[in-house]
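>>> sequence-free structure coming up:
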RNA sequence: GGGGCGGUAGUUAAGCUGGUUAUAACGCCGGCCUGUCACGCCGGAGGCCGCGGGUUCGAGUCCCGUCCGCCCCGCCA
């Protein structure tokens, strides 16, 4: 192929098919860069070698599809070191034009600056570009590495339905009307969760599937409405053994897809683990990017000790603790600080920009303090009121030195954490601790373990399952299920890579008695449980082995491993942030006839 | 549902405090050129300034609405 020709091919006669990448017309001779999926090679049309081919070359234009027969020649001094095939060129003996091309809407080149709208509209042209050829190929390599690995480890690949019964909870489903049962709908599977558990009950022991999942939720850089998971479930397994299997898979994928040996980073073959609580405290989320430090400092208990430390806004929070109003079933309020080192040399304007950033995250503001000589605070709304004792305690807790700047957030825990977690990432980028895009061969994996089984829903005023209702609680937490549900930890885990959640799963709950307690804590009645999950509950009573599993986000993983900027770069035909597919124009309105046949009407 | 940024030749952008013929680069078309490789040189064509309304003597520019794209919050494994 074009991109594969090297010095060793000199003298050979070759036949090449490809697209015209570039044309340099010298009047007496014409150079063309011919492109195929492997790369470029320079092709020379010389009338003294082949007059007919030369005449054709004079009319050839960009993106024409041509075939040539010619001889590989040494370019000697004229070699082009910037091209992999630069040592050779083809002298054409015969040429054919298979198809002409209209002038393309944008040029097919590596550094295209055409905006993404245009590129998505002409996706098939964008996919001709070297960069996307590489990421889509990486994705293909990743499928192969995954299948090879699991087959070698005794797994079976089993397909599960896409058209399934609508089950409550979790992500919003896409609905598909069922013509044969008017008025009823299938849901598109948001994951094979229930089916893979049932496969364990069936005795399939080790299951995996590379499977499409559908979720009707708002999109992001790393989220598409249809995406692909590497779905895994195993029986007679514990958390540690499952981690080992998945770690092995990732070592394999990085080796075969990116030629990166993770053993250099993780010599014992294992990834580090961190408890959920610790991650929230230090980083404000459950997917910390460990490529840089810049950790949060939780000042809540310190503020309580100092009775607000003279700062009225803090006192409002600490009073909640003092008055005994603080209750487990109320959203917690906390105080957190983030230290920007003096080396960052942050100007006041830049500080104001950070505040704007915090506000865009839903924060009321971003209080700051510049630490001066002797630990005094300046340029701060707190400088006047803060007691010297509290100031000193904060300086010590955050390890602040003169020149550093402290940023504060306080209020509802969830919001403080969101704002501070995003602020940390933002600072990491603007201070150059991590690149704006890409990963520069820094791969920091982390298992997040032992999260709470329930989380309090302010909307619904009750506890809801943080993952799903079939996650196994820690054995020593079972008695807390009715006493203090918020404190129950469970065997759920997320795998994080450079701040992206690339997978998550749990050891499942297969004990009907504990299951009943969980439903009770969730305030789900027997009837409700039966009507919603009856088939699974029945299966769990008919000889269900202990089991657990995980699902890895194949798109995100491919995005990271291929150094892509967005999940759209690793999906051949992705959708925009509003769920539109710009090439074909989906989604589209249904015709009245279609709706009539399905017995549904549209209100739009 | 909310916040931010953006939409001007085929493409990417410039266009200030409203002003006369809307610039540039690449691409495209024509001509010249046998060693270029971002080839070069000469000439040319190309515009519903996203769309709709408003203010004004006059709108790419100001105001309102709307559509589309990107990033984020909410939402989501």
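Great, that's in hand. Given the structure is predicted, the values throughout are model-derived calculations rather than measurements.

>>> So which elements touch the helix or strand hosting residue A:558?
Element membership of residue A:558, judged by DSSP states H and E, is helix A:554-561. Where contact means 3 or more CB pairs under 8 Å, 6 or more residues apart in numbering; DSSP states H and E, helix A:554-561 is packed against helix A:130-152, strand A:226-235, helix A:239-258, strand A:500-507. Quick note: C-beta positions are derived from backbone N, CA and C, even for glycine.

>>> low-scoring stretches of the stretch 201-350 of chain A, by residue?
Counting by pLDDT under 70, the stretch 201-350 of chain A has low-confidence residues at A:322-331.

>>> Contact residues of it facing RNA strand B?
The stretch 201-350 of chain A comes close to RNA strand B at residues A:213, A:215, A:217-223, A:286, as judged by CB under 7 Å from any atom of the strand.

>>> Any of those buried? List them.
Buried residues within those, counting neighbours by 16 or more other CB atoms under 10 Å: A:213, A:215, A:219, A:222, A:286.

>>> Tell me the secondary structure of the first one, please.
Reducing the assignment at residue A:213 to three states with DSSP: H, G, I helix; E, B strand; the rest coil gives strand.

>>> Could you dump the residues of the stretch 201-350 of chain A next to RNA strand B into JSON lines and include secondary structure?
Formatted as JSON lines, those follow (three-state DSSP):
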{"residue": "A:213", "secondary structure": "strand"}
{"residue": "A:215", "secondary structure": "coil"}
{"residue": "A:217", "secondary structure": "coil"}
{"residue": "A:218", "secondary structure": "coil"}
{"residue": "A:219", "secondary structure": "coil"}
{"residue": "A:220", "secondary structure": "strand"}
{"residue": "A:221", "secondary structure": "coil"}
{"residue": "A:222", "secondary structure": "coil"}
{"residue": "A:223", "secondary structure": "strand"}
{"residue": "A:286", "secondary structure": "coil"}
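
>>> could I get those residues as CSV with distance to residue A:60?
Shown next, in CSV, are those (distance: CB to CB, whole Å):
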residue, distance to residue A:60
A:213, 45
A:215, 47
A:217, 48
A:218, 46
A:219, 41
A:220, 43
A:221, 39
A:222, 41
A:223, 43
A:286, 56
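
>>> ok, so of those, who is nearest residue A:42?
residue A:221 (37.9 Å; CB to CB).

>>> That closest one - nearest residue in space that isn't next to it in sequence?
Leaving aside its sequence neighbours, residue A:221 sits nearest to residue A:566 (CB to CB, 6 or more residues apart in numbering; 5.2 Å).

>>> dump the residue contacts of the one you found.
Neighbouring residues of residue A:566 by CB atoms under 8 Å, 6 or more residues apart in numbering: A:221-222, A:559.

>>> Let me know the helix or strand that the residue nearest to residue A:47 when sequence neighbours are not counted is in.
Nearest in space to residue A:47, with sequence neighbours left out and distances taken as CB to CB, 6+ apart, is residue A:54 at 4.2 Å. Take DSSP H and E as the rule and residue A:54 turns out to sit in helix A:51-59.

>>> swap in residue A:71?
Going by DSSP H and E, residue A:71 is in strand A:65-74.

>>> Beyond that strand, next helix or strand please.
Past strand A:65-74, further along toward the C-terminus, the next helix or strand under DSSP H and E is strand A:88-99.

>>> if you look at that following strand, does any of it touch RNA strand B?
Yes: for strand A:88-99, a contact with RNA strand B is found by CB under 7 Å from any atom of the strand, at residue A:89.

>>> quick one: contacts of that strand?
So strand A:88-99 is in contact with A:5-7, A:9-10, A:13-14, A:16-17, A:34, A:41-46, A:49-50, A:52-54, A:56-57, A:60, A:64-75, going by CB under 8 Å, 6+ apart.

>>> filter those residues down to the ones near RNA strand B?
A:42, A:44, A:46, A:75.

>>> so what's the residue nearest to the last one when sequence neighbours are not counted bridging to?
Translated: residue A:75. Closest residue in space to residue A:75, ignoring its immediate chain neighbours: residue A:89 at 5.4 Å, by CB to CB, 6+ apart. When bridges are called by DSSP bridges, residue A:89 pairs up with residue A:73.

>>> Check what pLDDT residue A:89 gets.
Here, the pLDDT recorded for residue A:89 equals 95.

>>> Can you report how many residues neighbour it?
Residue A:89 has 23 neighbouring residues, counting by other CB atoms under 10 Å.

>>> Who are the contact partners of the closest residue to residue A:183 other than its chain neighbours?
Using CB to CB, 6+ apart and skipping residues adjacent in sequence, the residue nearest residue A:183 is residue A:599, 6.1 Å away. Residue A:599 is in contact with A:177, A:182-183, counting by CB under 8 Å, 6+ apart.

>>> from those residues, which single one is nearest residue A:466?
For the contacts of residue A:599, the nearest to residue A:466 is residue A:177 (32.4 Å; CB to CB).

>>> Tell me the secondary structure at that closest one.
Under three-state DSSP, residue A:177 falls in the strand class.

>>> Next, count neighbours for the spatially closest residue to it that is not a sequence neighbour.
In space, and not counting its chain neighbours, residue A:177 is closest to residue A:598: 4.3 Å by CB to CB, 6+ apart. For residue A:598, the neighbour count with other CB under 10 Å is 16.

>>> measure residue A:598 to RNA strand B for me?
Distance check for residue A:598 against RNA strand B: by CB to the nearest atom of the strand, to the nearest Å, it reads 24 Å.

>>> List the beta-bridge partners for the closest residue to residue A:313 other than its chain neighbours.
Of all residues not flanking residue A:313 in the chain, residue A:410 sits nearest, at 6.4 Å (CB to CB, 6+ apart). Note on residue A:410: beta-bridge partners residue A:335, judged by DSSP bridges.

>>> Double-check residue A:410 against residue A:311; I have them as touching.
No: under the criterion of CB atoms under 8 Å, residue A:410 makes no contact with residue A:311, lying 9.0 Å away.

>>> for the residue of the stretch 201-350 of chain A found nearest RNA strand B, phi and psi?
Across the stretch 201-350 of chain A, no residue is closer to RNA strand B than residue A:218, which sits at 3.0 Å (CB to the nearest atom of the strand). Main-chain dihedrals, residue A:218, degrees, to the nearest 10: phi -70, psi 150.

>>> No more questions from me, cheers.
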